[in-house]
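Undergrad: Here is the input, now give the coordinates:
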Amino acid sequence: MGLNNIDLPAIVVEQLYNSSLVGNNTDAEEKQPISAAVKTETASKTKESPAEEWKSLGNNNKKILIVLKSEEAVHLPDNQLTFLTGILSACNLSLADVAIVNTNNHPQVLYKELTTFFASKVVLLFDIEPAAFGLPMSFPFYQIQAFAGNSFLYSPSLNNLENDKVEKSKLWVCLKRLFNL
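TA: Next comes the predicted model:
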């Protein structure tokens, strides 16, 4: 295999080509590497959660929280990350706009803690049942649910969506409504 045939994970490509892939942001805060921004945000919010260090991926610039469960990786496997970045791109978003939290790293986490810490406006739940996330209600897949100043969307896992065109199209219809596309 030559140097021209190396397949890099999506997160590495985004960090290498941040200014050309993410946009022409001029704010110093937005030009931080993703991991540095997460550490800065974590350090600045220690009052709200002194004992908890949130493991998240993304800069959370647009206050969109993505919650999923993956036992295969710290955040999510490369194939799911690639699929998710494709979904985000279709919504005119990038990893810099969202915060991705794997509940496998935080098994007892509830919506109040995460939405407060990340100041979320939109929460996408991938294979995390609303009641298991601490919401006082249950709602079906692909129903945008407003609650406590947030919009929640519950859908199947990224693996299931990636392999099922019908489910993927149902998600796309909801995302278009949610993000006014």
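Undergrad: from here on, contacts and neighbour counts on C-alpha atoms
TA: OK.
Undergrad: ok, now which ones touch residue 106?
TA: residue 54 (CA atoms under 8 Å, 6 or more residues apart in numbering).
Undergrad: For residue 133, see how far away it is.
TA: Here the criterion is CA to CA, to the nearest Å. By it, residue 106 lies 11 Å from residue 133.
Undergrad: what sits opposite residue 145 in the beta ladder?
TA: residue 152 (DSSP bridges).
Undergrad: wait, isn't it in contact with residue 138?
TA: No: Residue 145 is beyond contact range of residue 138, at 9.6 Å (criterion: CA atoms under 8 Å).
Undergrad: And those two? Which one has more around it.
TA: Shown here are residue 145 and residue 138; by other CA atoms under 10 Å, residue 145 has more neighbours (16 against 13).
Undergrad: wait, what's in contact with the more buried one?
TA: 139, 151-153.
Undergrad: Can you pull out the low-pLDDT segments for the chain?
TA: Residue ranges of the chain with pLDDT under 70: 1-5, 8, 13, 15-52, 74.
Undergrad: Quick one: the helices in it, in order.
TA: Using DSSP state H, the helices of the chain run over 10-16, 18-21, 34-44, 78-90, 111-117, 158-162, 165-178.
Undergrad: mind checking which of the ones you listed is nearest residue 65?
TA: Residue 65 lies closest to helix 111-117 among the helices of the chain, at 7.7 Å (CA to CA).
Undergrad: Distance-wise, check the closest residue to residue 174 other than its chain neighbours relative to residue 152.
TA: Nearest residue to residue 174 in three dimensions, chain neighbours excluded: residue 142, at 6.2 Å (CA to CA, 6 or more residues apart in numbering). As judged by CA to CA, residue 142 and residue 152 stand 10 Å apart.
Undergrad: more neighbours, those two?
TA: Counting neighbours by other CA under 10 Å for residue 142 and for residue 152 shows that residue 152 has the greater number, 23 against 18.
Undergrad: Tell me who's in contact with residue 67.
TA: By CA under 8 Å, 6+ apart, the neighbours of residue 67 are 100-103, 123-126, 128.
Undergrad: Go through the residues you listed and flag which are in strands.
TA: Within those, residues falling in strands by DSSP state E are 100-102, 123-126.
Undergrad: okay, among those, which ones form the most distant pair?
TA: Top of the distance list for these (CA to CA): 102 and 123, 13.1 Å.
Undergrad: in stretch 116-136, what's buried?
TA: Within stretch 116-136, the residues that count as buried by 16 or more other CA atoms under 10 Å are 117-118, 120-130, 133, 135.
Undergrad: I misspoke; the intended subject was stretch 58-74.
TA: Result for stretch 58-74 [16+ other CA under 10 Å]: buried residues 58-70, 74.
Undergrad: Quick check: the residue nearest to residue 174 vs residue 58, distance?
TA: 24 Å.
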